[in-house]
Every structure is written in C-alpha cells, then in structure tokens.
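Engineer: coordinates only, sequence not included:
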C-alpha cells in the first residue's frame with residue numbers, strides 16, 4: 001500500500017472511493033474556479049503540456065480518467081482532433097458540469113461521459129489509442145490496480161499521459177510551496193467550496209504520493225514501457241508519459 005491510499009477526505013470508515021466521490025460531488029460547483037485561482041491559472045499550461053505529448057501518436061480514441069468537469073477532455077479534443085473521447089469519473093456531480101461545458105463548446109459529438117470505477121472498468125481490453133489523467137491519480141484507492149486497468153484497456157503502442165501535483169524538491173520553491181499548501185490553499189478552498197476537508201485532503205495526498213523516479217518504477221511494474229517524466233513549474237506539477 002502507498003501512503004496516499006490510506007488518506008481519506010472524511011475519515012468516516014467508508015472505503016476511500018466512496019469518500020472521494022462524496023467530496024467531489026460536494027465541491028463540484030466551485031471546482032473549476034478554485035483550480036484556476038489556487039494555481040494562479042498555471043494549471044492550464046500544465047494540461048496543455050501533457051496533451052502536446054500525445055500529438056506524435058495521433059490518437060483517434062482517448063480515455064480521460066478522473067475527467068471531473070471535462071477541462072482536459074475539452075482541451076484534448078481541440079488540440080488533437082480525435083474521433084472520440086470518453087471521460088470517466090466516479091462523481092456524477094463533476095461530470096454533470098462537464099456535460100454542460102462540452103455541449104456549450106459544441107463538442108458533444110466527440111466527448112461523452114460515463115460513471116466508472118477506475119479499479120474495474122467496463123471497457124474491453126485494447127480499446128483506446130491514448131489515456132489521459134489530470135490531477136486524479138492521487139485519489140485512487142488502489143494505485144497499482146488502477147494503473148494495471150489503464151494498461152489493460154490501452155492498445156498496444158498506445159500512450160499514457162498523466163499530469164499530477166507534486167512536491168518541489170529545491171530551495172526556495174520547496175519551502176514556499178509547503179507554506180502555501182498548508183495555509184492559503186486549505187483556508188481559501190474551505191471558504192469557497194464550503195467543504196472543510198477537501199483541500200486539507202489535497203495537501204496531504206500531494207505530500208504522500210510517490211513521484212519522480214519512484215513513480216516511473218510503479219508505472220513499469222503496471223506494464224508500461226518507455227516511461228519518462230518532466231517536472232513543471234519548479235516541481236509543483238509532474239507530467240509522466242508512458243507507452244504500452
């Protein structure tokens with residue numbers, strides 16, 4: 001077990017997946033605004049970088065895991081022009097907002113949403129040319145199993161692109177990020193979202209999640225190859241790219 005798997009939003013005895021679903025349903029109304037404000041808008045650049053890594057593969061079918069309100073799926077549709085993108089999540093509250101955004105963007109003929117447990121997805125093996133995950137992999141109840149499921153549904157030669165928050169390693173960003181993530185982030189998140197636990201949970205899971213070379217090993221163990229990573233914005237975020 002990895003340390004972040006034992007961290008839950010509410011500590012009420014329910015399995016992590018159920019608590020995460022409840023948390024995202026609770027903060028869905030304010031999620032987009034908080035994401036952009038708390039990252040000073042830099043999260044848009046991180047998504048852009050992660051999607052650019054897929055251009056050389058020219059994917060026609062994309063699975064966007066932990067799709068949330070669909071930001072990553074919408075950007076991928078505009079940048080990569082695939083035939084279809086399937087966004088999956090455990091939170092209907094988040095996806096309902098995503099469905100409205102996709103319809104307003106005129107992309108509902110390309111992007112669809114489906115409630116799925118990423119530990120045991122309903123898709124057949126070798127179903128997608130590419131898989132994307134933005135800021136959701138920390139929430140997996142079982143990281144190894146979730147990654148194996150991704151590998152199962154990805155076609156041979158397909159690409160996985162993960163972008164996830166991480167801890168900076170060097171002075172002074174390491175110290176600045178620690179202060180920011182333990183003070184401003186949870187306080188502002190609580191005021192806007194009205195969920196007292198969500199943004200405390202965010203900080204705790206960022207600090208616990210395996211990153212860098214360790215995450216490369218975890219991806220390789222799940223069946224991926226040619227795994228590489230790049231730290232973005234002084235290490236606040238990390239992008240992982242792998243193939244099957």
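Structural biologist: Cool, the structure landed. For clarity, every value in this text was computed on a predicted model and none was experimentally measured.
Engineer: and the strands in the chain?
Structural biologist: 61-65, 84-89, 111-115, 128-134, 154-165, 225-232, 237-243 (DSSP state E).
Engineer: quick one: those as a markdown table, columns for mean neighbour count, distance to residue 104 and mean pLDDT too.
Structural biologist: Yep, even glycine has a C-beta here, placed from its N, CA and C like the rest. Listed next are the strands of the chain as a markdown table, based on neighbours: other Cβ atoms under 10 Å; distance: least, Cβ to Cβ, whole Å; pLDDT from 0 to 100:
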| stretch | mean neighbour count | distance to residue 104 | mean pLDDT |
| --- | --- | --- | --- |
| strand 61-65 | 26 | 18 | 98 |
| strand 84-89 | 23 | 15 | 98 |
| strand 111-115 | 18 | 12 | 98 |
| strand 128-134 | 26 | 20 | 98 |
| strand 154-165 | 21 | 24 | 97 |
| strand 225-232 | 14 | 29 | 98 |
| strand 237-243 | 22 | 27 | 98 |
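Engineer: wait, doesn't residue 222 sit right on residue 151?
Structural biologist: Yes: shown here, residue 222 and residue 151 form a contact pair, counting by Cβ atoms under 8 Å, at 5.4 Å.
Engineer: now do the contacts for residue 36.
Structural biologist: Residue 36 makes contact with 43, 44 under the criterion Cβ atoms under 8 Å, 6 or more residues apart in numbering.
Engineer: for it, give its distance to residue 17.
Structural biologist: Distance, residue 36 to residue 17, by Cβ to Cβ, to the nearest Å: 26 Å.
Engineer: ok, residue 127 next?
Structural biologist: From residue 127 to residue 17 the distance is 22 Å (Cβ to Cβ).
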